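Engineer: The following block contains a protein sequence and its predicted model.
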Amino acid sequence: MEMEGWVSMPKVELHAHLNGSVRDSTLLELARVLGEKGVIVFSDVEHVILKNERSLTEVFRLFDLIHILTTDHKIITRITKEVIEDFASENVVYLELRTTPKKNDSIGMSKRSYLEAVLEGIKAVNTVDVAFRPHNADVSNVKSSSLINDTCNGITRKEIYVRLLLSIDRRETTEAAMETVKLALEMRDLGVVGIDLSGNPVVGEWMTFFPALKFAREQGLYITLHCGEVPNPKEIRAMLDLLPQRIGHACCFEEEEWKRLKSLNIPVEICLTSNIRTNSVRSIEVHHFADLYNSKYPLVICTDDSGVFSTSLSKEYNLAASAFGLGRRELFQLARNAIEYIFADDEVKRELKEIFNSVEKKLDQ
Ligand SMILES: CNc1ncnc2c1ncn2[C@@H]1O[C@H](COP(=O)(O)O)[C@@H](O)[C@H]1O
Ligand SMILES: [Zn+2]
């Protein structure tokens, strides 16, 4: 099937990092501005942004660079809006965007003000089409609409549900992790639904984050953890014992860990391109997607970092189709199954099912 077929299919994105999903063109523009101010040397940064092959270590170096480029409330608002519009433009109907609230005293940024800038970005998507909206926008429900300039049909209106997960970076202290969880609890009514643990998997100790994650779980926040991106059986075991509602990656699982995971039936967020690029999985042919898919295990195809890995959710669907011999129907079904694993209420699930049902009728035409 052509790429267009994957683009037009409704999709659910559950594992996307805000700063990893920024368009190259925006990063280059931001780098140019900082270059002119003498904060960075543009030509040094340019080739790092445009480079495609990256090891895990290089990926995390790139994140440090991206964070320098996006250190500003206004820029955080801008990239949030752009990232949502990009996902909406490829028919992502439900997006769980995750980001690490950051504190930076030198520019007066607190975790709270960072998050407020993100929320501002979500609202900015809303206001784009306020005139075209049939009912008044219910901002509190964080259902954003974006107008996509479609060259064939002129302007089309696409709606996307957006929910936020707050990430704890593995470099953070217990106190900082706890602050993020408390912020998530406070911002629950504004679309924050859960907590993610991410960051360089070779950095940090599980026991540092455990108190905050346990607290989050007790408070009823949803939890997803980057789990087994590198081999670490002890940590994988401890993570599964927390009973997160989803996990990301599950690349470096041994038989023992697979057994445990499968007995718990925790859905896995699968990021094919990311896993191959960072070498967490040797090649697409041996990716655990195949085994999980064949045993009908709950999984969802996601991008991880569409900017950093030059991908999109449509491209990931296309890759899964070609690598594992799946057709439009099978991937449509996978996307629809993901509704069950989202961190939103039954009303949203019901609406999403309706969207999929209405498209299903046209699928074979
Ligand atoms: C490639 N695999 C990965 N493994 C682990 N953590 C990752 C990641 N990709 C991204 N992140 C996490 O997301 C941050 C960027 O987005 P935010 O600044 O939060 O919006 C990275 O700094 C890292 O902590
Ligand atoms: Zn990730």
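Structural biologist: Everything's here; your move. Ligands and ions are numbered 1, 2, ... in the order given.
Engineer: what's the spacing between Ile68 and Pro211?
Structural biologist: Distance, Ile68 to Pro211, by Cβ to Cβ, to the nearest Å: 30 Å. C-beta coordinates here come from the backbone N, C-alpha and C atoms, glycine included.
Engineer: what does the stretch 1-150 of the chain put close to ligand 1?
Structural biologist: In this structure, the stretch 1-150 of the chain approaches ligand 1 at residues 17-20, 59, 63, 99-100, judged by Cβ under 6 Å from any ligand atom.
Engineer: now with 5 Å?
Structural biologist: Residues of the stretch 1-150 of the chain lying close to ligand 1 (Cβ under 5 Å from any ligand atom) are 17-20, 63, 99-100.
Engineer: Now tabulate the residues you listed in CSV and tack on secondary structure.
Structural biologist: Formatted as CSV, the entries for these read as follows, by DSSP: H, G, I helix; E, B strand; the rest coil:
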residue, secondary structure
His17, strand
Leu18, helix
Asn19, helix
Gly20, helix
Phe63, helix
Thr99, strand
Thr100, coil
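Engineer: export the residues you listed to CSV and tack on pLDDT?
Structural biologist: Output for those, formatted as CSV (pLDDT from 0 to 100):
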residue, pLDDT
His17, 98
Leu18, 98
Asn19, 98
Gly20, 97
Phe63, 95
Thr99, 98
Thr100, 98
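Engineer: among those, which ones are buried?
Structural biologist: The neighbour-count test (16 or more other Cβ atoms under 10 Å) marks 17-20, 63, 99-100 as buried among these.
Engineer: hey, C-alpha coordinates of stretch 170-180 in CSV?
Structural biologist: Output in CSV follows, covering the C-alpha atoms of stretch 170-180 (Å, rounded to 0.1, in the frame of the first residue of the first chain):
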residue,chain,number,x,y,z
ARG,A,170,16.4,9.2,35.0
ARG,A,171,18.9,11.9,35.9
GLU,A,172,16.5,13.4,38.4
THR,A,173,16.5,13.1,42.2
THR,A,174,13.7,11.6,44.2
GLU,A,175,12.6,15.1,45.2
ALA,A,176,12.5,16.3,41.6
ALA,A,177,10.5,13.2,40.6
MET,A,178,8.1,13.8,43.4
GLU,A,179,7.6,17.4,42.3
THR,A,180,6.7,16.2,38.9
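Engineer: Tell me which residues of that stretch come out buried.
Structural biologist: Using 16+ other Cβ under 10 Å as the test for burial, stretch 170-180 gives 170, 172, 176-180.
Engineer: do the same with stretch 64-84
Structural biologist: For stretch 64-84, the neighbour count (16+ other Cβ under 10 Å) marks 65-66, 69-71, 73, 75-84 as buried.
Engineer: Kindly state the beta-bridge partners for Val92.
Structural biologist: With DSSP bridges as the criterion, the beta-bridge partners of Val92 are Lys11.
Engineer: isn't it right up against Leu14?
Structural biologist: No: distance between Val92 and Leu14: 10.1 Å, which falls outside the contact criterion (Cβ atoms under 8 Å).
Engineer: Let me know how buried Leu363 is, in neighbour terms.
Structural biologist: Summarising burial for Leu363: neighbours were counted as other Cβ atoms under 10 Å, giving 11.
Engineer: nearest residue to it other than its sequence neighbours?
Structural biologist: Counting by Cβ to Cβ, 6 or more residues apart in numbering, Phe332 is the residue found nearest to Leu363 once chain neighbours are left out, at 6.2 Å.
Engineer: so the one you found touches Glu360, yeah?
Structural biologist: Yes: the pair Phe332 and Glu360 qualifies as a contact (Cβ under 8 Å) at a distance of 7.0 Å.
Engineer: and Ile49, how far is that from Tyr94?
Structural biologist: For Ile49, the distance to Tyr94 - Cβ to Cβ - is 29 Å.
Engineer: For these two, indicate the residue with more neighbours.
Structural biologist: Tyr94 (26 against 19).
Engineer: Secondary structure element holding the more buried one?
Structural biologist: Tyr94 is part of strand 92-99 when elements are defined by DSSP states H and E.
Engineer: tell me the contacts of Ser43?
Structural biologist: Under the criterion of Cβ atoms under 8 Å, 6 or more residues apart in numbering, the neighbours of Ser43 are Gly35.
Engineer: helix/strand/coil for it?
Structural biologist: Taking three-state DSSP, the label given to Ser43 is helix.
Engineer: Read off the pLDDT value for it.
Structural biologist: The per-residue pLDDT reported for Ser43 equals 91.
Engineer: how near is it to ligand 1?
Structural biologist: In this structure, Ser43 lies at 24 Å from ligand 1, with Cβ to the nearest ligand atom, to the nearest Å as the measure.
Engineer: same deal with Ser322?
Structural biologist: Spatial separation of Ser322 from ligand 1 under the definition Cβ to the nearest ligand atom is 22 Å.
Engineer: how about Pro211, secondary structure?
Structural biologist: Classification of Pro211 using three-state DSSP returns helix.
Engineer: nearest spatial neighbour of it, skipping sequence neighbours?
Structural biologist: Computed as Cβ to Cβ, 6+ apart, the closest residue to Pro211 that is not its neighbour in sequence is Thr174, at 5.6 Å.
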